[in-house]
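Q: Structure, please.
(one chain, ligands or ions: 1)
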Amino acid sequence: MEKGVTNLNRFLIEEQRAFPEATGDFTMLIESIAFASKIISREVNKAGIVNIIGKAQSVNVHGEEQQKLDVYADKKMIEAMDHLGKLCAMASEENDEVIQVPKEYPKGKYLAVFDPLDGSSNIDVNISIGTIFGIYKRQDGDTGTPCCKDFMQPGRKMVAAGYVIYGSSTMMVYSAGNGVHGFTLDPSIGEYILSHPNMKIPECGKIYSINEANYHHWDEPTRKFVEHIKNNTERTYTARYIGSLVADFHRNLLKGGVFLYPGDEKNKRGKLRLLYECAPLAYIIENAGGRATNGAQDILDIVPDTLHQKEPLIIGSKYEVETYLKYQRGELK
Ligand code: FDP
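A: Model prediction:
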């Protein structure tokens, strides 16, 4: 290996060595997700030239038309992890039910949750999209065939989470509770190289990201918060909203700012899914020094009731998220 260059494998091995009790199970899981993401990245990149863009003839559990690449990415994530003997089950945004480990493979102690291709409405307009994942341990004492109940754990119990962004370059960002680390895919060698060690979100940001078309449907505190941001004389903000969660999140993580997808009159619990989107990104943001809330509770403290539950998401730099909370609590008017 080139001097001074750390690839994902080396980084994981060194992290594993720092924790003598680690078995390597976890390292294998992250590497398998990285492997799946390289295949997804390849397909995303060639989506324009092969006839893979377009709708598959199926509708997912949320009533959305699935795009072909969603189906493909879902399959690749499952295939990369189902045979390892490290997982007891998986849950994916694209599947109605818990995904069981096939009978021919041994089961392990971890549960994986993922959104295989988030921001899918952006696929055919060449905008960055992503894969989001989280890993939990099965609770002690839970035995038998894994079911929804096994996944009803607060995000704080996650042992790792991350995302892959398929953008101008492909990047994998993950945390196992010991800092947030970013790896950029070098396509010439097919390796993720450590490019962003120990990522921290600035305490205060300059970016706010929200779909303002929903303004009239928001609750009063959310409207007031956005007015506060716009009329702030001490700090100047700029609006940036791609409408592709991983891309909006990644930019704000690097530059500082806040992303909001609040509940509104039409969608009381917002649009984003707790298990597959909100909780993994909340895990990343807290480990990077930021905050994530649904307006009443920290995202990581929410215990899901169902696999596909939605939650309002306000996530980013501490200062902006806490200012939002002050409006929600009526401390700022
Ligand atoms: P998409 O509909 O393209 O799948 O997860 C859903 C999501 O994208 C997020 O990636 C994105 O942040 C959000 O929806 C955008 O929603 P709006 O179009 O309502 O702003």
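Q: So which bits of the helix or strand hosting Ser37 are buried?
A: Element membership of Ser37, judged by DSSP states H and E, is helix 25-45. By 16 or more other CB atoms under 10 Å, the buried positions in helix 25-45 come out as 26-34, 36-41, 43-44. Any C-beta I mention is one placed from the backbone N, CA and C, and that applies to glycine too.
Q: and it, does that touch the ligand?
A: No. On the criterion CB under 6 Å from any ligand atom, helix 25-45 is out of touch with the ligand, staying 13.8 Å away.
Q: Output the set of residues of the stretch 151-300 of the chain in proximity to the ligand.
A: Within the stretch 151-300 of the chain, the positions near the ligand by CB under 6 Å from any ligand atom are 211, 243-245, 248, 271-272, 277.
Q: got a markdown table for those residues, with distance to Asn9, secondary structure and pLDDT too?
A: As requested, those are exported to a markdown table (distance: CB to CB, whole Å; DSSP: H, G, I helix; E, B strand; the rest coil; pLDDT from 0 to 100):
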| residue | distance to Asn9 | secondary structure | pLDDT |
| --- | --- | --- | --- |
| Asn211 | 39 | coil | 97 |
| Gly243 | 34 | coil | 96 |
| Ser244 | 29 | coil | 97 |
| Leu245 | 28 | helix | 98 |
| Asp248 | 30 | helix | 98 |
| Lys271 | 36 | coil | 96 |
| Leu272 | 32 | strand | 98 |
| Glu277 | 28 | helix | 98 |
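Q: ok, those residues vs Leu260, which is closest?
A: Ranked by distance to Leu260 (CB to CB), these are led by Asn211 at 8.6 Å.
Q: quick one: least confident helix or strand in this structure?
A: Every helix and strand of the chain was ranked by mean pLDDT, DSSP states H and E. The lowest is strand 65-67, at a mean of 61.
Q: Which SSE is immediately downstream of it?
A: Taking DSSP H and E as the definition, the helix or strand that follows strand 65-67 towards the C-terminus is helix 68-81.
Q: and that following helix with helix 25-45, angle?
A: Inter-element angle recorded for helix 68-81 and helix 25-45: 150 degrees (by axes from the mean of the first three to the mean of the last three CA atoms, to 10 degrees).
Q: near the ligand, anything from helix 68-81?
A: No. For helix 68-81, no contact with the ligand is found by CB under 6 Å from any ligand atom; the gap never falls below 8.8 Å.
Q: ok, and what's touching that helix?
A: Contacting residues not belonging to helix 68-81 are listed as 29, 32-33, 35-36, 39-40, 43-44, 47, 52-56, 58, 60, 87, 90, 92, 94-95, 99, 112, 114, 116-117, 120, 123, 131, 133 [CB atoms under 8 Å, 6 or more residues apart in numbering].
Q: Stretch 224-240 too?
A: Residues outside stretch 224-240 that contact it (CB under 8 Å, 6+ apart): 204, 206-210, 212, 215, 218, 248, 251-252, 257, 320, 323-324, 327, 332-333.
Q: Can you say which of those residues are buried?
A: Buried among those (16+ other CB under 10 Å): 204, 206-210, 218, 248, 251-252, 257, 320, 323-324, 327.
Q: what angle separates the strand or helix carrying Tyr174 from helix 25-45?
A: Element membership for Tyr174 (DSSP H and E) is strand 170-175. Interaxial angle, strand 170-175 versus helix 25-45 (the same axes, to 10 degrees): 150 degrees.
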